[in-house]
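Asks: pasting a predicted model and its sequence here:
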Amino acid sequence: MIAIIKYNAGNIKSVQNALNRLGYESVITDDVETLLNADKVIFPGVGEASTAMNYLKEKGLDEVIQSIKQPFLGICLGLQLMCKSSEEGNTECLGIFDATVKLFPPEEKVPHMGWNNFENLQGELFEGVDINDNVYYVHSYYAESCKETVAMCDYIKPFSAALQKDNFYATQFHPEKSASIGEQILKNFLKL
Amino acid sequence: MLKKRIIPCLDIKDGRTVKGINFVDIKDAGDPIELAKQYVEQGADELVFLDITATVENRKTLVDLVQQIAKEINIPFTVGGGINSVEDVSNLIKAGADKVSVNSSAVKRPELITEIAQEFGSQCMVVAIDTKFENDEWKVFVHGGRTPTPLKTVDWAKQIEKLGGGEILLTSMNNDGTKNGFALDITKQVSDAVNIPVIASGGAGSKKHFKDVFEKTGATGGLAASIFHYGEIPIPELKKYLNEQKIAIRI
């Protein structure tokens, strides 16, 4: 069973829909036992960092996430919450990745919204994926590059399009909304 | 590099698409899901569903439809039409819409933009502006373009950004339906005035019109309805052309 972490960050259902299309069953839950016993855990989310982080702490989910040993995938705000800290609401985050999250300077349109490609792809997540492929991004904050960066994207600043450390994977883009390329990336994760 | 977005718009009435559809291999031309799937296969970057009935009785039909669309479609989509409250938005987002668009209701009560943005994030808050050039000025119109307002288009766009709007969908009523091209001047004025993405709408009749709007204005997306529905400009052909013209596009 795949568990999708239920918390106060919008449109979690779209990840479940994407998994259904790929033929995988999943459950949206904040139950600690279910999360700890799932085959895979997905941590999606669109929303505001400090509000989301406070909610995770209230529910004790921050510690649960850090203790998960199965393949774990953070998406968008999920990725940002897995970093050290975020400028958004001056939030101390989960600290899985050694990156800080910053607000894009207003040199171009913010949010970075739409289809963009990536480069320096590393690891299993990107099997069968090419640097010229495009995925869907929508975010105003970005994770700086760090030693756990496994894909880079460039918009105003070069930033981490994906991160990985041990069993923890994360993408800034939305694989669940990125047509066939996104499906390939999700499949790669689900195969782990 | 961030790509320019090609966005087909589907008008929905009582859960069905309206306007004729000219696709081959489509079982039911009135079925929004069938049509949406075709667009996804053709390479549409996003979809907009505009509910043009938007009566109270039909809201539930729309929410059910959004739920179905969300199950089937693997690209982002926006739902608009008749959204008046945070509760309306909540129902649509919970059903799986990625973004919602508001128009007249935001002009009537601008705080609605802030309320929605605070609850669901700016990224899902699209504000649609219907604008018309009259007496030497671009002004905002509401109620499907029937009612003039005193708002100047660029001023309203700036206010939308300040209030927390995440994107502006700008339709020129002078151009809409003419197939003579997008309104380049106001699209440029608005996209220069705000730092949020602007989608140009109204007037697309040729592939070159998309090239023009992307080259001559800061629009990050181009929206059209009939030219896609009637197959006058197939999306793959449009994208191939734009790519050859060195416009950053997702192929």
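Replies: Yes, it's here.
Asks: residues of chain A that sit close to chain B?
Replies: When proximity is defined as CB under 8 Å from any CB of the partner chain, chain A approaches chain B at A:10-11, A:13-14, A:17-18, A:20-21, A:46-48, A:106, A:108-117, A:134, A:136, A:138-140, A:154-155, A:174, A:176-180, A:182-183. From N, CA and C alone the C-beta is placed, and that goes for glycine too.
Asks: bridging residues for the residue nearest the centre of chain A?
Replies: In chain A, the C-alpha nearest the mean C-alpha coordinate belongs to residue A:75, at 2.0 Å (CA atoms, centre = their mean). When assigned by DSSP bridges, residue A:75 has beta-bridge partners residue A:171.
Asks: that one: what's it in contact with?
Replies: Applying CB atoms under 8 Å, 6 or more residues apart in numbering or on different chains to residue A:75 gives the contacts A:15, A:42-45, A:170-171, A:174-176.
Asks: count the residues that sit near residue 118.
Replies: Assuming you mean chain A. 25 (other CB atoms under 10 Å in any protein chain shown).
Asks: looking at chain B here, not the other one
Replies: Residue B:118 has 14 neighbouring residues, counting by other CB under 10 Å.
Asks: are we agreed that it is in a helix?
Replies: Yes - under DSSP: H, G, I helix; E, B strand; the rest coil, residue B:118 falls within a helix.
Asks: and it, what does it touch?
Replies: Residue B:118 makes contact with residue B:164, according to CB under 8 Å, 6+ apart.
Asks: next step: the residues of chain A next to chain B restricted to helices.
Replies: Those of the residues of chain A next to chain B mapping onto helices are A:13-14, A:17-18, A:20-21, A:179-180, A:182-183, per DSSP state H.
Asks: identify the farthest-apart pair in those residues.
Replies: A:13 and A:180 (20.6 Å; CB to CB).
Asks: of these two, give the one with the bigger neighbour count.
Replies: When residue A:13 and residue A:180 are compared for neighbours, residue A:13 comes out ahead with 19 against 11, by other CB under 10 Å.
Asks: ok, the more buried one touching residue B:71?
Replies: No - with contact defined as CB atoms under 8 Å, residue A:13 does not count as touching residue B:71 (9.3 Å).
Asks: the ones in helices among the residues of chain A next to chain B into CSV, with extra columns for pLDDT and distance to residue B:142?
Replies: As requested, those are arranged in CSV below (pLDDT from 0 to 100; distance: CB to CB, whole Å):
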residue, pLDDT, distance to residue B:142
A:13, 86, 32
A:14, 91, 31
A:17, 95, 34
A:18, 96, 36
A:20, 97, 39
A:21, 96, 38
A:179, 97, 35
A:180, 96, 39
A:182, 98, 37
A:183, 97, 40
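Asks: and the residues you listed, which are buried?
Replies: When these are checked for burial by 16 or more other CB atoms under 10 Å in any protein chain shown, the buried set is A:13-14, A:17-18, A:179, A:182-183.
Asks: how many residues are close by the nearest residue to residue B:196 once chain neighbours are set aside?
Replies: Closest residue in space to residue B:196, ignoring its immediate chain neighbours: residue B:161 at 5.2 Å, by CB to CB, 6 or more residues apart in numbering or on different chains. For residue B:161, the neighbour count with other CB under 10 Å is 19.
Asks: next: residue A:56.
Replies: 23.
Asks: list residues touching both of residue A:13 and residue B:71?
Replies: In contact with both residue A:13 and residue B:71: residue B:96, using CB under 8 Å, 6+ apart.
Asks: the nearest residue to residue A:1 once chain neighbours are set aside: neighbour count?
Replies: Closest residue in space to residue A:1, ignoring its immediate chain neighbours: residue A:38 at 5.4 Å, by CB to CB, 6+ apart. A count of nearby residues for residue A:38, using other CB under 10 Å, gives 21.
Asks: so residue A:38 makes contact with residue A:24?
Replies: No - with contact defined as CB under 8 Å, residue A:38 and residue A:24 do not form a contacting pair (11.6 Å).
Asks: just the buried residues of the residues of chain A next to chain B.
Replies: Burial by neighbour count, 16+ other CB under 10 Å: within the residues of chain A next to chain B this picks out A:10-11, A:13-14, A:17-18, A:46-48, A:109-117, A:134, A:136, A:138-140, A:155, A:174, A:176-179, A:182-183.
Asks: show me the residues you listed that map onto strands.
Replies: Under the assignment DSSP state E, those contribute A:112-116, A:136, A:138-139, A:155 to strands.
Asks: I'd like the residues you listed written out as CSV, with pLDDT added.
Replies: Listed next are these as CSV, based on pLDDT from 0 to 100:
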residue, pLDDT
A:112, 96
A:113, 96
A:114, 97
A:115, 98
A:116, 98
A:136, 98
A:138, 94
A:139, 93
A:155, 97
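Asks: next one: phi and psi at residue A:41?
Replies: Dihedral pair for residue A:41: phi -130, psi 130, per degrees, to the nearest 10.
Asks: so it versus residue A:53, what's the distance?
Replies: Note on residue A:41: its distance to residue A:53, by CB to CB, to the nearest Å, is 17 Å.
Asks: cool, and residue A:165?
Replies: Taken as CB to CB, the span from residue A:165 to residue A:53 is 19 Å.
Asks: specify which residue of the two has the higher count of neighbours.
Replies: Neighbour count, other CB under 10 Å: between residue A:165 and residue A:53, residue A:53 has more, with 24 against 16.
Asks: what's the closest non-adjacent residue to that one?
Replies: Residue A:53 sits nearest to residue A:91 (CB to CB, 6+ apart), 5.1 Å away.
Asks: same question, residue A:30
Replies: residue A:6 (4.4 Å).
Asks: can you count the residues close to the one you found?
Replies: Residue A:6, neighbours per other CB under 10 Å, totals 17.
Asks: residue B:248 now?
Replies: When neighbours are counted by other CB under 10 Å, residue B:248 comes out with 16.
Asks: next one: residue A:192
Replies: Using other CB under 10 Å, residue A:192 has 14 other residues around it.
Asks: who's in contact with it?
Replies: Contacts of residue A:192 (CB under 8 Å, 6+ apart): A:40, A:71, A:124.
Asks: what's the pLDDT at it?
Replies: Confidence at residue A:192, expressed as pLDDT, is 96.
Asks: ok so, going back, separate out the buried members of the contacts of residue A:192.
Replies: A:40, A:71.
Asks: need the contacts of residue A:192 in TSV (columns: secondary structure and pLDDT).
Replies: Shown next, in TSV, are the contacts of residue A:192 (DSSP: H, G, I helix; E, B strand; the rest coil; pLDDT from 0 to 100):
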residue	secondary structure	pLDDT
A:40	strand	98
A:71	coil	98
A:124	helix	96
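Asks: which of the contacts of residue A:192 lies closest to residue B:120?
Replies: Nearest to residue B:120 among those, with distances taken as CB to CB, is residue A:40, at 26.8 Å.
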